[in-house]
Structure formats: C-alpha cells, structure tokens
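Undergrad: Prediction below, plus the sequence it came from.
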Amino acid sequence: MRLPIVNEEDEIIGYKDRTDRNPKDIIRVSGLWLTDSAGNILLAQRALNKKTHAGLWGPAVAGTVEEGETYESNIIKEAEEEIGLKDLKLTPGPKIRISIVHEHFAQWFNAVIDHDYPFVKQDDEVEAIRWCSPSEFKQLVDEKPEIFIPDFHKYVDLLILVYN
C-alpha cells in the first residue's frame, strides 16, 4: 500500500510504500470521535497483534490515508472495516500536525450515533470497544495515560477545546 507523503502545508509531494517510509516523512491520518446523544464517548482498543501500540486505547476509529483516498473517504472506510459502522453523518473537525511518534497531519471528524448501535468489530484491528461517560473518560486519561496510544492527551485536549 502506498501512502501520500506531504509537505508542511499538507500538499502531496510523492508516494511511498508503507514499509519504505522514513520516520521524518509526513503522512496523513484520519480520526473519528464518536459520541451518543448523552455525550458518552466511544473508545477502541487496538488489537493485541498490532505491530505498533498493541492493546492501547484510542479514538473509536483511526486510519492512515492511502493513495487515492481523502481524509473523509479514509475515515468512512475505516469506520466500516474496524467497527462495522455504516451511513456516517460526519462533522469535520480540526486538522492538526503531530510530530512526536511519527510525522503526520491528523484530520478529525465527529459523529453522533445511537448508543445501541450494533457494532461489528474486526478482530485483527480492534480488541475491544467501550462507551465512557465524559467524567469516566477524563478520569481514565488523567489517571491511566499509559493505557492510551502515544500523543492521546493532545487529541483529548483538542476534543475538549473544539467540542465543548
């Protein structure tokens, strides 16, 4: 699979196979915050067999944008693949640049879905999913940051700023 490599302005400057990517190459990632009508937040735990960040918790859905995809088409594809979520009505959120674990732009989306949605998780991508109340979510992030993907606190801060 080839990934778009972008410059500091998020303009595509080339493509590389995932395995040939230099850690300094800037790629594109999409992420999805899912909430229900009561404001509960859906979290997903990465599968235990993943090469990176196995078993760590993060947003409901996330993915690396591949050649021929947009941020939006990628997150729609990933939502269906990872947790069986279809017919999303997305609200675009902010796009931020992250430069800690690897170089990337992260485009965030938000959607509100029914708490009882019949999720179907893909076992080789997602170990578990769970709803958290806003207070439980904050407590987990504050007291157990080690259970989350790297840089998760940056995404949480962004979520709080944008969606409150």
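TA: Done, it's in. Numbering: from 1, shown residues only.

Undergrad: Where does the prediction get shaky in the chain?
TA: Using pLDDT under 70 as the threshold, the predicted model of the chain has low-confidence ranges 157-164.

Undergrad: So which residues of it form helices?
TA: For the chain, the helices defined by DSSP state H cover 71-83, 134-143, 152-163.

Undergrad: for those, which one sits closest to Phe119?
TA: Go through the helices of the chain one by one with C-beta to C-beta and the one that ends up closest to Phe119 is helix 71-83, at 4.7 Å. For the C-beta atoms, the positions are set from N, CA and C on the backbone; glycine is no exception.

Undergrad: send the alpha carbons of that closest one over as CSV?
TA: Backbone C-alpha positions of helix 71-83 (Å, rounded to 0.1, in the frame of the first residue of the first chain) are rendered in CSV as follows:
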residue,chain,number,x,y,z
TYR,A,71,-9.2,12.1,4.8
GLU,A,72,-13.0,11.7,4.6
SER,A,73,-13.1,8.7,2.4
ASN,A,74,-10.5,7.0,4.6
ILE,A,75,-12.4,7.5,7.8
ILE,A,76,-15.6,6.2,6.2
LYS,A,77,-13.8,3.1,5.0
GLU,A,78,-12.0,2.6,8.4
ALA,A,79,-15.3,3.0,10.4
GLU,A,80,-16.9,0.3,8.3
GLU,A,81,-13.9,-2.0,8.4
GLU,A,82,-13.0,-1.6,12.1
ILE,A,83,-16.3,-1.5,13.8
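
Undergrad: And for it, what's in contact with it?
TA: By C-beta atoms under 8 Å, 6 or more residues apart in numbering, the list of residues contacting helix 71-83 from outside reads 28, 30-32, 44, 60-66, 69, 85-86, 88, 90, 92, 95, 107, 109, 119-122, 125-126, 129.

Undergrad: List only buried entries from those residues.
TA: When burial is judged by neighbour count using 16 or more other C-beta atoms under 10 Å, the buried members of the contacts of helix 71-83 are 28, 30-32, 44, 60-66, 69, 85, 88, 107, 109, 119, 121, 125-126, 129.

Undergrad: between the helices of the chain, which one is nearest to Glu9?
TA: Ranking the helices of the chain by their distance to Glu9 (criterion: C-beta to C-beta) puts helix 71-83 first, at 14.8 Å.
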